[in-house]
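K.L.:
Fold the following for me, if possible:
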Amino acid sequence: MPDVKLAAIKCQQFGADGITVHPRPDERHIRFSDVYDLKEVITTEFNIEGNPTDALMSLILEILPDQATLVPDAHDAITSNAGWDTIKNQSFLKDIIARLKNSGIRSSIFVGTDPRMIEYAALAGAERVELYTEPYASLYHENREVAIAPFVQAAKVARDLNLGINAGHDLDLYNLGFFHDNIPWIKEVSIGHALIADALYFGLENTIGLYKKELKGH
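P.N.:
Next up, the predicted model:
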């Protein structure tokens with residue numbers, strides 16, 4: 001318990017538009033074996049995210065998800081806490097993205113709001129960027145206008161470069177609607193911890209509905 005496969009089936013039944021998994025080397029959040037099980041039941045979008053080590057890339061190229069989100073996690077990171085330096089890692093990212101494209105997998109690079117990092121994500125061949133939204137969430141209750149400003153600018157840069165925009169980290173029922181109001185052209189948000197925590201109070205089906213309302217009702 002819990003049954004990850006059943007959870008994915010239920011999430012889709014309740015209206016989720018996709019399932020994201022982040023298998024880390026120590027498998028503390030999800031096991032590599034779970035990813036194989038999930039492939040059998042996901043009928044929406046399947047997104048595998050993580051640091052593109054040899055092991056993860058082998059998994060991705062075997063599973064063939066709709067999207068692979070590249071995250072520069074250290075092997076011992078508690079959670080994702082920074083975006084890529086796409087300038088320093090340009091050659092590496094180009095190679096990884098080329099391998100994904102050859103397999104028909106959409107690529108997304110996890111980045112902060114520095115316009116240069118977004119520009120070099122595009123140069124590496126990425127089709128999307130995922131904005132690391134923890135700084136937005138941390139500042140939201142203090143000053144949401146200040147919190148959102150760099151993300152709007154970053155999203156505009158990405159849009160001008162024809163990059164699709166995803167977002168994730170610390171988004172919840174309090175701050176998601178405002179984020180979407182200001183960046184309505186966002187393609188996708190990945191929400192795990194907050195959604196499952198809210199499900200303890202509201203139930204999984206109601207919670208998914210509440211999150212979708214924040215995205216569609218603003």
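K.L.:
So, low pLDDT: which residues of the chain?
P.N.:
Under the criterion of pLDDT under 70, the regions of the chain flagged as low confidence span 74-81, 217-218.
K.L.:
would you list every one of the strands in it?
P.N.:
Counting by DSSP state E, residue ranges of the strands within the chain are 18-21, 45-50, 67-70, 106-111, 128-132, 164-168, 188-190.
K.L.:
any idea how far stretch 169-186 is from the chain center?
P.N.:
Using C-alpha atoms, centre = their mean, to the nearest Å, the distance from the centre of stretch 169-186 to the centre of the chain it belongs to is 13 Å.
K.L.:
Just the buried positions in that stretch, please.
P.N.:
Within stretch 169-186, the residues scored as buried using 16 or more other C-beta atoms under 10 Å are 169-173, 175-180, 182-183, 186. No exception for glycine: its C-beta is placed from N, CA and C like everyone else's.
K.L.:
now do stretch 10-23
P.N.:
Residues Cys11, Gln12, Ala16, Gly18, Ile19, Thr20, Val21, His22, Pro23 are the ones in stretch 10-23 that count as buried (16+ other C-beta under 10 Å).
K.L.:
again with stretch 207-218
P.N.:
So for stretch 207-218, counting by 16+ other C-beta under 10 Å, buried means Thr207, Ile208, Leu210, Tyr211, Glu214, Leu215.
K.L.:
Just confirm the fifth one contacts Tyr174, I think it does.
P.N.:
What that stands for is Glu214. No: counting by C-beta atoms under 8 Å, no contact exists between Glu214 and Tyr174, whose distance comes to 9.3 Å.
K.L.:
Mind telling me which residue is nearest the centre of the chain?
P.N.:
Against the mean C-alpha coordinate of the chain, by C-alpha atoms, centre = their mean, the closest residue is Ser190 at 4.5 Å.
K.L.:
Name the nearest residue to that residue, sequence neighbours excluded.
P.N.:
Nearest residue to Ser190 in three dimensions, chain neighbours excluded: Gly168, at 3.8 Å (C-beta to C-beta, 6 or more residues apart in numbering).
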